[in-house]
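Q: Here you go, sequence then predicted model.
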Protein chains: 2
Amino acid sequence: MNHYDLIVVGSGPGGYSAASQAGALGRKVLLIEKDHLGGVCTNKGCIPTKSLLNGAKQYFHAKTDTKLGVHCQEVTYSLSEAMAWKEEAIQTLRSSIEFVERTNKVDMVFGEAVFVSAHQVRVDGETYEGEYLILATGSSPFLPPIKGSEDRKRVLTSDEILCIDELPSSLAIIGGGVIGVEFASYFSMLGVKVCVIEMMDEILPMMDNEFARLMRRSMSGVDFYLGCKVKEITERQVVYTDAKGVEQSLDASLVLLSIGRKANIGGLEPLHLELGPKGVVVDGRMRTSVENIYAIGDVNGKSQLAHSAERMAIVAISNIFGNKDLEMRYDAIPWVVYGNPEASGCGLTETEAKKQGREVVCASAFMRSNGRFLAEQGKKASGLVKLVADAKTLSILGVHMIGPYSSEIIWGASQIIEAGMTVKDIKNTIFPHPSVSEVISACAWALDKRR
Amino acid sequence: MNHYDLIVVGSGPGGYSAASQAGALGRKVLLIEKDHLGGVCTNKGCIPTKSLLNGAKQYFHAKTDTKLGVHCQEVTYSLSEAMAWKEEAIQTLRSSIEFVERTNKVDMVFGEAVFVSAHQVRVDGETYEGEYLILATGSSPFLPPIKGSEDRKRVLTSDEILCIDELPSSLAIIGGGVIGVEFASYFSMLGVKVCVIEMMDEILPMMDNEFARLMRRSMSGVDFYLGCKVKEITERQVVYTDAKGVEQSLDASLVLLSIGRKANIGGLEPLHLELGPKGVVVDGRMRTSVENIYAIGDVNGKSQLAHSAERMAIVAISNIFGNKDLEMRYDAIPWVVYGNPEASGCGLTETEAKKQGREVVCASAFMRSNGRFLAEQGKKASGLVKLVADAKTLSILGVHMIGPYSSEIIWGASQIIEAGMTVKDIKNTIFPHPSVSEVISACAWALDKRR
């Protein structure tokens, strides 16, 4: 029998990081993947969407943005070229993951993992034994029990919509979370008539309300239907009850279901793990209820983000093979919406802080007072930033923003929150001028005007 | 006579910040400006160049970048529209500076300041008396004594080239610092034949050599002549001696002089200040050799950057009216080159660290292993990042990069250097995926592979 120090099941950002790290420590590691290396992130999530979104932004700017003196005639978008480019990016990243695993002497087998016991996994009839097991089986799009949603040619999830071969004339997106909003942004920039139907009374629940509102307003090509519950998808329409309980319908040649993702826990029964409503239950060290089994990434439902999974891999590997005290921290995990406009955040929102009963002080600012924003976007463009700080210590607890470059500014917020920096510390550092990042400094000065 | 607590001369980022801060403290303040509010930054520097550069990037992408499936026919660039947009941004910022000064009850007079004594300044025959004086008179383009450079129609500085009304067919840029490289990038993106003639053996002296080399290689439309000394500018040519001492010449319909900027110290004689080779001599608190006179921004020659001037204003105002212990720190001042590609840095380069005899460890990485970079730019694109850390403590001393979004990533580097964060701290924070900012995390892991 093949014996390993560690068997990792699933090769997304959590799984591939865990495997390569353990391999780097000289451990004998097996990585099992049923599909392609890289998991959802590389193949069906982060990477393909960002590749497509970047092209759509280029198209949209070329077509509509003449304020800086650039004029383009006949702007066209080739979906097939965009898809081919996206595929190439995916292939390159898969190869580089494979290279890293091989460099760290990780064995890889491709096939469906069949869990036999806490120490045994079978793939294609072959049994592998592991002292430790890391589950990194990820998540899949949640399919709601909506009548008509079984028409999988017209009703797609994010998995399938990344592989379409022609643009729909209209698209109804059910669910206004990050995935729904990014696809709404992508398709509307390409000229597709897009609507988003959201059951809650606001989109993007990780944002304060005024931010979510601004996102909606900024996505001028998209119609939002809030507080609406979809009843049925017919051959040409989506039927829903609106916020007042009245039945309504709208036309859509394609429907995207983006209601959420559910942990992939099928087949785990032989392991007798404790399961919660969101997935496999883990402690702060990513350990499940079974001593030698850890669960990282989407399968534990704690934070469905690629970079959270990567961090959980570090925590799990540390606890298995090294420092047993390393715990996962959730208070400075950044998130990004890569649409047009971009949005990002890290740490507590004002709403969350107040829900937790924390005393906080906040400062927010429109970006149009920022020099670079103004020079590039103009005074009519919208952008918003908010800083949330502890009312007593003035430690930074959260940074949130909508506007250009948000995706690349936000990493610094993780640093200042993790370092425990205060408003005064921010005031004492020098921000590059002119940069949109200066809005954070402006908020710090607004929070504490003392010199 | 008009008596003030503080008279500030010059309304660039240093001057206008100092004036509004003192005003906010309830002091009676006069701000004197001979031209427009905002100084070089707003009117002839940061803001107009970023506005123009952004348009040129759009043009260049629309014209050449089809990899993401976007195709544009007949891409045209209207210089007059670009200039009008730029003017609007400038006007808006001037107005907002004026608004801030008025809000803080700062008196403003427009006219040339004539220095009478350490406490008296005259403008248009009116004498103003100040307890304290802040000199924020800025800098001007240095005009080298090159034969033929007096033809101010064809030989321009950055001041005039921002107001041309048609694109030249070819442009020779004398001086490969930040200003020269940004204009080289701007004009070459628009299809102008550009060459840069640099006397030193490399461009961009604040970069390590491999970075400067990569910048040159990435600006494919620009010819660089290194180690070359310009002898004469004739009616159609620039005559220079090359690195081997051989006389050469090249054609140029327009010439930009960007050899450096010199402090504006004319008229300061009645103040009897100590002057150094770079400008007015100041201590760490921005105080000149005369007790009640401070000098901030380009005029002291310490760091010719808008954000340095702004920080110096904070330091000066604090020392005049508040905390007498605040000193200027120069070890975490970010800089940015806003060309194509972008580049930025903060803190020590490897070369500088070694010159100072510091023991450092460095890690650098090409960006093409980064997911977002790959998805958006492709595997053939070039980007580079380097982390410099103290060899013993692993404290971060410098971050330097070339690649997309560099301008908006670098603020976080100031934070981590100022907070004294170490490589281990960086490893323990979560970076958003996929983002180019992750390259910093990758370097931290490369520097310290321990889990």
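A: That came in fine, so what should we check first? Numbering: from 1, shown residues only, chains lettered A, B, ... in the order given.

Q: how many neighbours does A:Val423 have?
A: 23 (other Cβ atoms under 10 Å in any protein chain shown). (Each C-beta comes from the backbone N, C-alpha and C, glycine too.)

Q: who touches it in this structure?
A: A:387, A:389, A:394, A:396, A:444, A:447-448 (Cβ atoms under 8 Å, 6 or more residues apart in numbering or on different chains).

Q: Nearest residue to it in space, please, no chain neighbours.
A: A:Leu394 (4.2 Å; Cβ to Cβ, 6 or more residues apart in numbering or on different chains).

Q: Run a quick neighbour tally on the residue in the stretch 151-300 of chain A positioned nearest to chain B.
A: Here the stretch 151-300 of chain A gets closest to chain B at one residue, A:Leu190, 9.8 Å apart by Cβ to the nearest Cβ. For A:Leu190, the neighbour count with other Cβ under 10 Å is 21.

Q: As a check, name the ranges of all helices in chain A.
A: When secondary structure is read from DSSP state H, chain A shows helices at A:13-24, A:39-44, A:46-64, A:79-103, A:158-161, A:178-189, A:209-218, A:306-321, A:350-355, A:371-377, A:406-409, A:411-418, A:423-427, A:438-447.

Q: Could you see whether chain B lies near the third one?
A: In this case it means helix A:46-64. Yes. Contact of helix A:46-64 with chain B (Cβ under 8 Å from any Cβ of the partner chain) involves A:46-48, A:50-51, A:54-55, A:58-59, A:61-62.

Q: Quick one, grab the pLDDT at A:Lys449.
A: pLDDT recorded at A:Lys449 is 75.

Q: Tell me the spacing between the residue of the stretch 151-300 of chain A closest to chain B and B:Ala84.
A: Between A:Leu190 and B:Ala84 the distance is 30 Å, computed by Cβ to Cβ, to the nearest Å.

Q: again with A:Asn428
A: With Cβ to Cβ as the criterion, A:Asn428 and B:Ala84 are 39 Å apart.

Q: And these two? Which one has more around it.
A: A:Asn428 (17 against 12).

Q: that older thread, make sure the residue nearest to A:Val423 is actually in contact with A:Leu447.
A: Yes. Between A:Leu394 and A:Leu447 there is a contact under Cβ atoms under 8 Å: 7.1 Å.

Q: which neighbours do these two share?
A: A:361, A:423.

Q: just to revisit the earlier point, present the contacts of A:Val423 as a markdown table; the columns should include neighbour count.
A: Below are the contacts of A:Val423 laid out as a markdown table (neighbours: other Cβ atoms under 10 Å in any protein chain shown):
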| residue | neighbour count |
| --- | --- |
| A:Leu387 | 30 |
| A:Ala389 | 26 |
| A:Leu394 | 20 |
| A:Ile396 | 29 |
| A:Ala444 | 25 |
| A:Leu447 | 20 |
| A:Asp448 | 16 |
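
Q: Point to the residue nearest the middle of chain A.
A: A:Leu305 (4.8 Å; Cα atoms, centre = their mean).

Q: For A:Pro270, which residues are in contact?
A: Per Cβ under 8 Å, 6+ apart, neighbours of A:Pro270: A:115-117.

Q: From B:Tyr330, how far out is it?
A: Distance from A:Pro270 to B:Tyr330, by Cβ to Cβ: 62 Å.

Q: With A:Asn43 instead?
A: 47 Å.

Q: where exactly do the strands run in the stretch 251-400 of chain A?
A: A:254-257, A:261-263, A:275-276, A:279-280, A:293-295, A:334-337, A:343-347, A:360-366, A:384-390, A:396-402 (DSSP state E, counting those that start in this stretch).

Q: What of the stretch 101-250 of chain A?
A: Using DSSP E, counting those that start in this stretch, strands in the stretch 101-250 of chain A cover A:107-110, A:113-117, A:120-123, A:126-135, A:139-141, A:155-156, A:170-174, A:193-198, A:222-226, A:229-233, A:237-241, A:247-251.

Q: so can I have a markdown table of those showing distance to chain B and mean pLDDT?
A: As requested, those are exported to a markdown table (distance: least, Cβ to the nearest Cβ, whole Å; pLDDT from 0 to 100):
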| stretch | distance to chain B | mean pLDDT |
| --- | --- | --- |
| strand A:107-110 | 19 | 98 |
| strand A:113-117 | 25 | 98 |
| strand A:120-123 | 24 | 98 |
| strand A:126-135 | 14 | 98 |
| strand A:139-141 | 16 | 97 |
| strand A:155-156 | 20 | 97 |
| strand A:170-174 | 18 | 98 |
| strand A:193-198 | 19 | 98 |
| strand A:222-226 | 20 | 98 |
| strand A:229-233 | 29 | 97 |
| strand A:237-241 | 28 | 97 |
| strand A:247-251 | 27 | 97 |
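
Q: between those strands, which one is nearest to A:Asp298?
A: Checking those against A:Asp298 by Cβ to Cβ gives strand A:139-141 as the closest, at 3.6 Å.

Q: Check the offset of that closest one from the chain's centre.
A: 13 Å (Cα atoms, centre = their mean, to the nearest Å).

Q: helices or strands up against that strand?
A: Identification of packing neighbours for strand A:139-141 by 3 or more Cβ pairs under 8 Å, 6 or more residues apart in numbering or on different chains; DSSP states H and E yields helix A:158-161, strand A:261-263.

Q: buried ones in stretch A:331-351?
A: A:332-351 (16 or more other Cβ atoms under 10 Å in any protein chain shown).

Q: restrict those residues to contacts with chain B.
A: By Cβ under 8 Å from any Cβ, the members of the buried residues of stretch A:331-351 lying near chain B are A:332-336, A:344.

Q: Just put the strands of the stretch 101-250 of chain A in CSV and tack on mean neighbour count.
A: As requested, these are exported to CSV (neighbours: other Cβ under 10 Å):
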stretch, mean neighbour count
strand A:107-110, 16
strand A:113-117, 17
strand A:120-123, 19
strand A:126-135, 21
strand A:139-141, 20
strand A:155-156, 22
strand A:170-174, 24
strand A:193-198, 24
strand A:222-226, 20
strand A:229-233, 18
strand A:237-241, 19
strand A:247-251, 13
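
Q: out of those, nearest to A:Gly279?
A: Across those, closest to A:Gly279 is strand A:139-141 (Cβ to Cβ), at 7.7 Å.

Q: circling back: which one of A:Asn43 and B:Tyr330 is surrounded by more residues?
A: A:Asn43 (21 against 13).

Q: can I assume A:Phe187 is in contact with A:Ser169?
A: No. With contact defined as Cβ under 8 Å, A:Phe187 does not reach A:Ser169; the gap is 10.5 Å.

Q: More neighbours: which of these two?
A: Remark: of A:Phe187 and A:Ser169, A:Phe187 carries more neighbours, 24 against 12, as counted by other Cβ under 10 Å.

Q: Tell me how far that one lies from B:Leu394.
A: From A:Phe187 to B:Leu394 the distance is 46 Å (Cβ to Cβ).

Q: returning to what we had before: what pLDDT does the residue nearest to the centre of chain A get?
A: pLDDT, A:Leu305: 96.

Q: before we move on, what about the one 5 residues further on?
A: pLDDT for A:Glu310: 97.

Q: likewise A:Met1?
A: 63.

Q: Repeat that for A:Asp65.
A: So A:Asp65 comes in at 89 (pLDDT).

Q: ok, A:Thr351 - contacts?
A: A:Thr351 touches A:208-209, counting by Cβ under 8 Å, 6+ apart.

Q: Cool, thanks, talk later.
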